[in-house]
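A.B. asks: just coords:
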Ligand SMILES: [Zn+2]
């Protein structure tokens, strides 16, 4: 093999790049397309949810260069995992999907308003372009002075005038997300998706968002920042009513940062206009692992 050939062909990666802003990390990146060999790691990693997620992070680390003024650089891997949020990961996947495939292909879309001749919900097909999923309200830039990975939003909740809970809540980094995902087996993940349509159960979700729990009982303080202990606390001890207040405050503060990728579609049968939501992670999984798309 000649070195010149390899030099020449390595320039392919410079032909097509997608510039994208990571909204939470507030950094600009270039993303280059997937190559033929890239799905190998992903395919061999699907034995566990966290294994697959780790391969996705490694893949993104390889496909993403950070832009600073006129120059670009590769981020240190640990910094990449700890100082880039899981929301940014979804944004990078969107950009990687865009630069590699351009389109999600044809999707089967069900109109929420009208029915067909057999009285079934009306279904139509539409090609979904990745760029059409991005709107003004899709991504919200991080607004705090501190970087997200140093920022803590404390939520204080009193329970029955007896106990004060103090939750130190965060926007999870990619490594935090992967750590919590490591507590989910493949079977459990499948169950969660079937039963609640989500990757995490509520206690897991709350553990993902909480870095530290402090209890104040009779003026005495006791706290934990161990993930296992936090999960056990949410699974077995934190009252449901406390979790409601927790989510109310957390969502008030952070919900605006959740990315919203959707296409504005019009039903060809009744003319009803509505938003068709797309789960980027799931679409990426289908395309790279299952090599296909379905509704
Ligand atoms: Zn319709």
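C.D. replies: Cool, got the structure. All figures in this text were calculated on a predicted structure; none of them were measured in a lab. Numbers count the residues shown, from 1 in each chain.
A.B. asks: surely residue 75 touches residue 61?
C.D. replies: Yes: if you go by CB atoms under 8 Å, residue 75 and residue 61 touch, sitting 7.3 Å apart. Just so you know, the C-beta spots here come from the backbone N, C-alpha and C atoms, and that holds for glycine as well.
A.B. asks: do you know the pLDDT at residue 247?
C.D. replies: On the pLDDT scale, residue 247 is placed at 97.
A.B. asks: now do the same contact list for it.
C.D. replies: For residue 247, the contact set (CB atoms under 8 Å, 6 or more residues apart in numbering) is empty.
A.B. asks: next, it: secondary structure please.
C.D. replies: With DSSP: H, G, I helix; E, B strand; the rest coil as the basis, residue 247 sits in helix.
A.B. asks: how close does it get to residue 253?
C.D. replies: 11 Å (CB to CB, to the nearest Å).
A.B. asks: how about the strands in the stretch 1-150 of the chain?
C.D. replies: Secondary structure of the stretch 1-150 of the chain (DSSP state E, counting those that start in this stretch): strands at 18-22, 27-31, 64-68, 71-73, 103-115, 121-129.
A.B. asks: so which of those gets nearest the ion?
C.D. replies: Among these, strand 103-115 comes nearest to the ion, with 3.2 Å by CB to the ion.
A.B. asks: would you mind listing what in the stretch 51-200 of the chain touches the ion?
C.D. replies: 111, 113, 114, 122 (CB under 5 Å from the ion).
A.B. asks: filter those down to the buried ones, ChimeraX style.
C.D. replies: Applying 16 or more other CB atoms under 10 Å to those, the buried members can be selected in ChimeraX as follows:
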select :111,122
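A.B. asks: need the residues of the stretch 51-200 of the chain next to the ion in CSV (columns: pLDDT).
C.D. replies: Output for these, formatted as CSV (pLDDT from 0 to 100):
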residue, pLDDT
111, 96
113, 95
114, 95
122, 96
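A.B. asks: run through the stretch 151-295 of the chain and note the low-pLDDT ranges.
C.D. replies: Residue ranges of the stretch 151-295 of the chain with pLDDT under 70: 289-295.
A.B. asks: and the strands in it, which stretches?
C.D. replies: Secondary structure of the stretch 151-295 of the chain (DSSP E, counting those that start in this stretch): strands at 153-159, 163-169, 210-217, 220-224, 262-266, 273-277.
A.B. asks: closest to residue 145 out of the ones you listed?
C.D. replies: Nearest to residue 145, of all these, is strand 153-159, at 13.3 Å by CB to CB.
A.B. asks: adjacent strands (with direction) for that closest one?
C.D. replies: strand 163-169 (antiparallel) (DSSP bridges).
A.B. asks: give the contact list for residue 278.
C.D. replies: Contacts of residue 278 by CB under 8 Å, 6+ apart are 104, 128, 133, 261, 262, 263.
A.B. asks: tell me which two of these sit farthest apart.
C.D. replies: The most widely separated members of the contacts of residue 278, counting by CB to CB, are 104 and 262 (11.9 Å).
A.B. asks: among those two, which residue is more densely surrounded?
C.D. replies: residue 104 (23 against 17; other CB atoms under 10 Å).
A.B. asks: that one contacts residue 284, doesn't it?
C.D. replies: No: using CB under 8 Å, residue 104 makes no contact with residue 284, being 9.9 Å away.
A.B. asks: what residues are shared contacts of the two?
C.D. replies: Joint contacts of residue 104 and residue 284 (CB under 8 Å, 6+ apart) are residue 97.
A.B. asks: so what's residue 23 closest to, chain neighbours aside?
C.D. replies: Residue nearest to residue 23 in three dimensions, not counting chain neighbours: residue 139, with 4.4 Å by CB to CB, 6 or more residues apart in numbering.
A.B. asks: state the pLDDT value of the one you found.
C.D. replies: 94.
A.B. asks: swap in residue 98?
C.D. replies: 91.
A.B. asks: and it, how far is that from residue 234?
C.D. replies: 36 Å.
A.B. asks: ok, residue 171 to residue 164 distance?
C.D. replies: 24 Å.
A.B. asks: between those two, which is the more surrounded one?
C.D. replies: Neighbours were counted for residue 171 and for residue 164 using other CB under 10 Å; residue 171 has more, 21 against 15.
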